[in-house]
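Undergrad: After the sequence you'll find the predicted model.
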Amino acid sequence: MGIPIATPGYAGQVALLAGARCLDFVNTVEPRVPLRPGPHPREYLTTYGDLLGWATHAEILTATGAAQLSELADAKPTVATATLHEAIGLREAIYRVFLTVAQSHPPDRADLDRIAHAYARAVAHTALTVRGVNFELSWVDDPDALDRPLWPLAHSAIELLTRGDAARVKECPTAEEGCGWLFYDTSKNRSRRWCSMSDCGTAAKERRRAARAER
């Protein structure tokens, strides 16, 4: 399922409000569902450089790490483009899986397999380390791995699927002209409704107020 591109966006300015990095990654298309006649969704990841910019913004990469990968991408543009396509494919698989979770439907096996495959590749770049009296997995950087930004995202998706609360995965309500972004509701009473109350939530309130005034 492709995302039609009309307006490129600046990946380093995408709001990070989903509560999970894999869902923030899903939200690099805006809106997720076209709601009214007009432009297609804004695609924030149109180049490999955009992927690096977003990953730095999301604190998945350091500025130094992103600069190293940018140099490698310049030297291997074909591989960088293929990696961008891989990233988009993983993003859309994550989107479809968590959308079905939010809607209480079973996910497609192919999408689960794609996420699991990306996770298996990511785990191959981890090492078990000791921090005080605790043990943890850490990423082992590979300066030649253009898919480095995808490792934490695959890990985040698996963690959310296996350890998260499915009932807290929600979709900004498109039926009320929300954007369709996904988020993990961490509110105490699970009452969060919008991706952002200051954006979609406020806009919906204003539309309802205007509709009442016209009656």
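TA: It's in.
Undergrad: Can you show me the helices along the chain?
TA: Ranges of helices in the chain, per DSSP state H, are 21-26, 48-57, 63-75, 77-102, 109-123, 150-163, 202-214.
Undergrad: and of those helices, who's closest to Thr129?
TA: Closest approach to Thr129 among the helices of the chain (Cβ to Cβ): helix 109-123, 14.4 Å. Any C-beta I mention is one placed from the backbone N, CA and C, and that applies to glycine too.
Undergrad: for the closest one, what is the average pLDDT?
TA: On average, the pLDDT along helix 109-123 is 97.
Undergrad: on that earlier part again, with distance to Thr174 and mean neighbour count added, can I get the helices of the chain in CSV?
TA: Shown next, in CSV, are the helices of the chain (distance: least, Cβ to Cβ, whole Å; neighbours: other Cβ atoms under 10 Å):
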stretch, distance to Thr174, mean neighbour count
helix 21-26, 14, 25
helix 48-57, 23, 23
helix 63-75, 33, 15
helix 77-102, 11, 19
helix 109-123, 20, 16
helix 150-163, 21, 20
helix 202-214, 11, 11
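Undergrad: ok, the residue most central in space within the chain - contacts?
TA: The chain has Phe25 as the residue nearest its centroid, 1.4 Å off, counting by Cα atoms, centre = their mean. By Cβ atoms under 8 Å, 6 or more residues apart in numbering, the contact list for Phe25 reads Trp54, Ala58, Arg91, Ile94, Leu153, Ser156.
Undergrad: Low-confidence stretches in this protein?
TA: Low-confidence segments of the chain (pLDDT under 70): 1-7, 34-40, 175-177, 197-199, 201-215.
Undergrad: Could you tell me the end-to-end distance of stretch 192-200?
TA: One end of stretch 192-200 sits 12 Å from the other (Cα to Cα, to the nearest Å).
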